[in-house]
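K.L.:
Structure of the sequence below:
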Amino acid sequence: MQPNSVIIQQETKVDHKFVFEIHKQAFRGEEEAILVDRLRTSPVYVPSLSLVAIIGHRIAGHILFTEIKIGKRNVHALALAPLAVLPEFQHQGIGGMLIREGLSKAAEAGYGSVIVLGHEHYYPKFGFVPASRWGITSPFDVPDNVFMGMELFPGALDGVSGMVEYAPEFLH
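P.N.:
Model prediction:
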């Protein structure tokens, strides 16, 4: 896949039905797709950080970042969730393009850090490390190596620790 043949841009309302289908196919069920729909109506939703990957005239992938709280401190932090690419376009670097563009846009918007619950061998390629490095814990019972974080600028997580508080939409 040539990087210049993929366009990453902000999702529009017209894209919603296609994004639903991407998550449904990528996750082999509707749970993540329904989560995206719920998050769009949440106060933690950041429209500029809901991105789609377009190949030709087709939406091939989607990534969403939403605001989170960490511990008792009010930090400008995000959760990366979910990320999906249509099965026929997987393993071609599209997910990575979405992650890099999303992280760049998040930093431009002034966010300091991102937390992800994801594959232990995939997300470290983008700079994610176990969130326990900062004393940040998951509200879910998951292994330490799949609950990761990253600073979008040096020192963004200095003095930050505690449990991540996701939007209630994640808990349905």
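K.L.:
Output the contacting helices and strands for the longest helix belonging to the chain.
P.N.:
If you go by DSSP state H, the chain has its longest helix at helix 94-108. The contact analysis (3 or more CB pairs under 8 Å, 6 or more residues apart in numbering; DSSP states H and E) places helix 94-108 against strand 6-10, strand 45-55, strand 58-70, strand 73-85. Yep, even glycine has a C-beta here, placed from its N, CA and C like the rest.
K.L.:
counting contacts, what elements does the last one pack onto?
P.N.:
Put plainly, it is strand 73-85. Packing contacts for strand 73-85, counted by 3+ CB pairs under 8 Å, 6+ apart, involve helix 16-26, helix 31-39, strand 45-55, strand 58-70, helix 94-108, strand 113-117.
K.L.:
what's in contact with the longest helix of the chain?
P.N.:
For helix 94-108, the external contacting residues (CB atoms under 8 Å, 6 or more residues apart in numbering) are 1, 3, 6, 8, 48-49, 51, 53, 55, 60-63, 65, 78, 80, 83, 85, 114, 122-123, 125-127, 150, 152-153.
K.L.:
which residue is nearest the middle of the protein?
P.N.:
Compute the mean C-alpha point of the chain, and by CA atoms, centre = their mean the closest residue is Leu80, 2.0 Å away.
K.L.:
is that one in a bridge, and if so with what?
P.N.:
Residues in a beta bridge with Leu80, per DSSP bridges, are Phe65, Val116.
K.L.:
what do you get for Ile7?
P.N.:
Beta-bridge partners, per DSSP bridges, of Ile7: Ile54.
K.L.:
Can you tell me the number of residues neighbouring it?
P.N.:
The tally of other residues near Ile7 (other CB atoms under 10 Å) stands at 12.
K.L.:
before we move on, what about His76?
P.N.:
With other CB under 10 Å as criterion, His76 counts 14.
K.L.:
one step back: any of the contacts of helix 94-108 buried? List them.
P.N.:
6, 8, 49, 51, 53, 55, 60-63, 65, 78, 80, 83, 85, 114, 123, 126, 150, 152 (16 or more other CB atoms under 10 Å).
K.L.:
ok, back up a step: I'd like to know which of the helices and strands packed on strand 73-85 lies nearest to Asp141.
P.N.:
strand 113-117 (11.2 Å; CB to CB).
K.L.:
Which elements pack onto that closest one?
P.N.:
Using 3+ CB pairs under 8 Å, 6+ apart, strand 113-117 sits against strand 58-70, strand 73-85, strand 147-151.
K.L.:
in the following helix or strand past the last one, what's buried?
P.N.:
What it means is strand 147-151. Sequence-wise, the next helix or strand downstream of strand 147-151 (DSSP states H and E) is strand 162-165. Within strand 162-165, the residues that count as buried by 16+ other CB under 10 Å are Val164.
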